[in-house]
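A.B. asks: Let's see this in three dimensions:
(2 chains)
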Amino acid sequence: MASLIPDIVEDALVLDPVDSPRRRRLPRLRVWRAVVLFVAGAYFLIPIYAGLRFSLENDAGHLSLYAVKVIPSEPGFSAAFWLSMRLAVVTLALTLVLMVPTSVYVHLKFPRLRRVMDFVTVLPIVIPPIVLILGVLRAAPLWLRASPYLLSLVYVILSMPFVYRSLDAGLTAIDLKTLVEASRSLGGNWLNTLWRVVVPNLRSALLSATVLTLALVLGEFTMASLDLWTTLPVWIYQFQQVDAHVSTAVSMVSLVGTWLLITLIVSLDRSQSRRTRRRTNNS
Amino acid sequence: MNSATSDGTSVVSGPGASAPGAGDADVAPSRRRAIGRFLRPMAAMAPFSIYSFLGLGVPILAVIYYAFHSEQGRLSLSNLSLVMHGSYLLGFENSILLALITSIVPGILGLILAYAIATSRSAMLKRLVATASGVLANFGGINLTFMFIATLGSTGILTAWLSAIHLNPWNFGFNLYSFYGVVLVYLYFQVPLMVLVITPALGGLRQSWREAAENMGASSWGYWRHVGIPVLMPSVLGGMLLLFGSGFAAYATAETLTAGTVTLAPIQIGSLLAGNQLAGQENVGYAVGLGMFIVLAVTMILYGLVRRRASKWLR
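C.D. replies: Prediction:
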């Protein structure tokens, strides 16, 4: 990101020697653009810098790694961390088991139902999480409300828009019908076909669905706090009263971790698609 | 998709079996197949349909049901009339005001930023901004709150920089933990959201239109007045409606930033759920929830209409 600023400044300072009335406007336009990008860059980068800086500071204001180092030993941290992890794994498993066969089936046999799927999976974006949890807490039976996994069940709903979009894009990109027919004519049953033919071909779509679901579950605050379960974000919020440096440090570490994960997945995806393209070009 | 050869079992019966004049013996299997053709999709769609109904339909129905029922379980409009008056009405007014400000201001800023990037020639800058917008638009909640406290809180870094030049914003009536603090923080995910939404529309603004307008003697302003703005308007409006929905529904950021002290509809629901309710008004939260649901449904219907109009210029 640091290389952004010199690039813009250079862009702004290079004046065009050509002196036609149309060209004379350009330098002014470039200055204008540099100002816009500078203000935007400052607005978006300063808070990130401040967050990182604050988590690398001790109470005296000196640079120190103490806030990062003490994270694992803080009271309640590991319980909250593992609760979030368990919720993430359960949510992910449920989401994939529910959405992958359904999306494959709709693409293969009932393309007309795609519009219905589009509509249903966009609803969780329209219905605010706070209203959804309000209804869930009232409608869920008591034994379910007593379990943290109620959150997983609701997170499956919240992740549906992202997961369905990426599966839909992935399924549109491959020749699903030919693949399935080839597998079936070679004697593979439905489950075998799904697991050994369709899923490997959907690798990058599944990866992005996974990342989006994990990011969603690990960052979700509204529902977890109102269902009174101390997941990682809820713990971070509560712990700021004890030590704001440590809280901010956990928040920044989880943020950087999520970004690294997304970058990793995106680059994996890109190398995968490049390989596919090369293969297509060779054939 | 319904061709017989696509499923392995029908290969056994072969084309001869369904040939004309095959006789009565063929009727029963074909009817069974017809039933199978009807039942199999039902069975395959059942898990998803049932899950969506239980996870989305039932909670919404519960909210609607309890919004219209008193604590004694009788049909009543008292919850709704509570929402139309006093502090709950104020919550809605504030929420709508917040959503309006955080859709119009970031809408304009996002448009300017997207235009600055769309007209630049640096491919790297475009890619960087696209990725960053994707990440930042999904930002919110506790991380964002902490970042802004570290920036503009009373001991924040930017506060320190500004007070070094005697411009400490807290001395000029600024308060991060207030309504306008929430507005400032919301810009952080609303502007990138607008950039994401509006960039394709800016790409649809073709250079040849501008050249055609200039050939016919239009000034830069004339081009914008008669071509640029009319073409972009539906997309800009659509983007702002999306921002309105996102600003109206957001809870976590406002709650964590202000510790629930700002009167907004979502925060009132949260507070009611946490048990801060008056006797005899236990169900008012559901009426607030129903109100939020209606506002968002209307917003999204408008968004769908505007989008259809906007897609006319995008191919």
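
A.B. asks: okay, now A:Gly187: neighbour count?
C.D. replies: Neighbour count for A:Gly187, taken as other C-beta atoms under 10 Å in any protein chain shown: 8. Quick note: C-beta positions are derived from backbone N, CA and C, even for glycine.

A.B. asks: Tell me the secondary structure at it.
C.D. replies: Judged by DSSP: H, G, I helix; E, B strand; the rest coil, the three-state class of A:Gly187 is coil.

A.B. asks: From A:Thr193, how far off is it?
C.D. replies: Between A:Gly187 and A:Thr193 the distance is 10 Å, computed by C-beta to C-beta, to the nearest Å.

A.B. asks: repeat for B:Gly73
C.D. replies: For B:Gly73 relative to A:Thr193 (C-beta to C-beta), the value is 51 Å.

A.B. asks: higher neighbour count, these two?
C.D. replies: A:Thr193 (19 against 9).

A.B. asks: what's the more buried one in contact with, if anything?
C.D. replies: A:Val180, A:Ser183, A:Arg184 (C-beta atoms under 8 Å, 6 or more residues apart in numbering or on different chains).

A.B. asks: B:Thr151: neighbour count?
C.D. replies: 25.

A.B. asks: I figured it hits B:Leu158, correct?
C.D. replies: Yes. In this structure B:Thr151 lies within contact range of B:Leu158 using C-beta atoms under 8 Å: 4.9 Å.

A.B. asks: overlap in contacts of these two?
C.D. replies: Contacts common to B:Thr151 and B:Leu158, judged by C-beta under 8 Å, 6+ apart, are A:Ile46, A:Ala50.

A.B. asks: so the closest residue to B:Val83 other than its chain neighbours is in which element?
C.D. replies: Excluding the flanking residues, the one nearest B:Val83 by C-beta to C-beta, 6 or more residues apart in numbering or on different chains is B:Ala287, at 4.5 Å. Per DSSP states H and E: B:Ala287 is located in helix B:284-310.

A.B. asks: Show the pLDDT at A:Val35.
C.D. replies: Predicted confidence (pLDDT) for A:Val35: 90.

A.B. asks: Where does it fall, secondary structure wise?
C.D. replies: helix A:26-55.

A.B. asks: Which residue does the stretch 1-150 of chain A have closest to chain B?
C.D. replies: A:Gly135 (2.8 Å; C-beta to the nearest C-beta).

A.B. asks: For that residue, give me its contacts.
C.D. replies: B:Val58, B:Pro59, B:Ile60, B:Leu61, B:Ala62, B:Val63, B:Gly289.

A.B. asks: what about the fifth one, how many neighbours?
C.D. replies: B:Ala62 has 19 neighbouring residues, counting by other C-beta under 10 Å.

A.B. asks: Backbone dihedrals for it, please?
C.D. replies: When read as degrees, to the nearest 10, the backbone of B:Ala62 gives phi -60, psi -40.

A.B. asks: Distance of the residue lying closest to B:Asn175 once chain neighbours are set aside relative to chain A?
C.D. replies: With C-beta to C-beta, 6+ apart as the criterion, B:Asn175 has its nearest non-adjacent residue at 6.0 Å, and that residue is B:Gly181. Separation of B:Gly181 from chain A (C-beta to the nearest C-beta, to the nearest Å) stands at 13 Å.

A.B. asks: Would you agree B:Gly181 is in contact with B:Pro169?
C.D. replies: No. Contact criterion C-beta under 8 Å: B:Gly181 and B:Pro169 do not qualify, at 10.4 Å.

A.B. asks: check contacts around A:Leu137.
C.D. replies: Contacts of A:Leu137 (C-beta under 8 Å, 6+ apart): A:Arg145, A:Leu226, A:Asp227, B:Leu273.

A.B. asks: Distance check, A:Ala249 against B:Phe146.
C.D. replies: With C-beta to C-beta as the criterion, A:Ala249 and B:Phe146 are 9 Å apart.

A.B. asks: which of the two has more neighbours?
C.D. replies: B:Phe146 (29 against 26).

A.B. asks: Helix or strand: which one has the more buried one?
C.D. replies: Here B:Phe146 is assigned to helix B:142-152, by DSSP H and E.

A.B. asks: Good, we can wrap up now.
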